[in-house]
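Enquirer: from the sequence below, what's the structure:
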Amino acid sequence: MDGICTLANDRVYDQLVALLNSIEAIYGQEMPVCVYPYDDNTAQIAAEIARRPNVQLYDHQDSIQQWDEFVRNIWDTHPTAQEHWRQIGSDKYHRVGTHRRYCAFDAPFDRFVYMDADTLLMSSLEPIFAQVNQYDWVVYDFQFKDLSHVYNTSSTKLKELFTPERLQTEIFCSGFYACKKDIFDAQKRSWLLEKLRQGEAEVLYDMAPDQTILNYMVMRSGISSYNFAHYLPENERTGCCVTSPHFQARDNILYDKGNRLTYIHYIGLSSKLFSRVCAGENIDFPYRQIFLHYRYLHEPDKQPKFKSKPKAYNAPPSLATRILRKIGLAG
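Expert: All right, here's what the predicted structure looks like:
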């Protein structure tokens, strides 16, 4: 069985609703969706999921616990991560819930596409699923242009493990990928963990914890991978990130030079921003109307009616706010 997976808790409620509605706009309620819990803060999303017959909240505790343990074991092998995380005031394991997307390797789908909660589906995934018949790992992004958010680029071991060509072509963003069930079974995980314990952990980039581990797992295992961004003709290729300002909206779908996007990723925008906008605060951000369309697809009358002048999401704080922050009275 094929399906779409995502990761969420109540902090990304508005984004999850928008994502589920965008999937429904493409597939109706035909496409099964599984939501993996980032943590135990899931009461609001659980109520939303219960209203949708094709959507389930993952509750296989053995699977969740084994991946939690696997990830903690990995970071216990890293020479500097936990010291770094303590310095920035994080927990012993930084954003450990992000790794729960790995539960998709266990269940419930034979083939799946994983999409971050801050994405929206723009077109059918059939071309993606078709490639999963040929390759173990399928992506469509341009992360290969920025190695620094995937691996520790100052590690001398990095170039011993992977050739420059592989580092230029095989890395990917962990926000969208397709794969098969059981590709990382217990035996393969044990082998990877042993390699990390032997000193390879230093190549991991500790500020993108799920992304760096996933790239390491795929590349170190040597499984076959395919990135549409490398293979599509240039005149058919599309971007996917909110940072691209040139996409055009038509009938609530985004196009890149006439080509329909597969998905749009609101990467780098805080979940608080979406919550504030949905609460009625007039903060503008790229492709905001597309997000609001899908967020309120089934309840358009509840969409915020903005009356004030919009404030840019990346506007510098006002003088008053800066003063209040300086004296500790503002966050």
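
Enquirer: Tyr114 touches Cys5, doesn't it?
Expert: Yes - here Tyr114 reaches Cys5: they are 4.6 Å apart, a contact under Cβ atoms under 8 Å. From N, CA and C alone the C-beta is placed, and that goes for glycine too.

Enquirer: who touches both of these two?
Expert: Residues within reach of Tyr114 and of Cys5 at once, by Cβ atoms under 8 Å, 6 or more residues apart in numbering, are 101, 104.

Enquirer: for the strand ranked longest in the chain, name the packing helices and strands.
Expert: Taking DSSP state E as the criterion, the chain has its longest strand at strand 2-8. Counting contacts by 3 or more Cβ pairs under 8 Å, 6 or more residues apart in numbering; DSSP states H and E, strand 2-8 packs against helix 13-27, strand 33-37, strand 111-115.

Enquirer: can I get these in CSV including mean pLDDT, mean neighbour count and distance to Ser190?
Expert: CSV is the format used below for those (pLDDT from 0 to 100; neighbours: other Cβ atoms under 10 Å; distance: least, Cβ to Cβ, whole Å):
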stretch, mean pLDDT, mean neighbour count, distance to Ser190
helix 13-27, 98, 23, 33
strand 33-37, 98, 23, 22
strand 111-115, 98, 23, 23
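
Enquirer: want to throw the ones you listed into TSV with distance to Asp59?
Expert: Shown next, in TSV, are those (distance: least, Cβ to Cβ, whole Å):
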stretch	distance to Asp59
helix 13-27	16
strand 33-37	8
strand 111-115	17
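
Enquirer: pLDDT score for the residue nearest the centre of the chain?
Expert: The centre of the chain sits closest to Gly175, judged by Cα atoms, centre = their mean, with a distance of 2.7 Å. The predicted structure scores Gly175 at 98 on the pLDDT scale.

Enquirer: without its sequence neighbours, what residue ends up closest to it?
Expert: Using Cβ to Cβ, 6 or more residues apart in numbering and skipping residues adjacent in sequence, the residue nearest Gly175 is Asp116, 3.9 Å away.

Enquirer: list the contacts of that neighbour.
Expert: If a contact means Cβ under 8 Å, 6+ apart, then Asp116 has 6-7, 174-176, 265, 267 as its contacts.

Enquirer: cool, Asp10 as well?
Expert: Asp10 makes contact with 41-45, according to Cβ under 8 Å, 6+ apart.

Enquirer: can you tell me which of these are buried?
Expert: Burial by neighbour count, judged by 16 or more other Cβ atoms under 10 Å, picks out 42, 44-45 from the contacts of Asp10.
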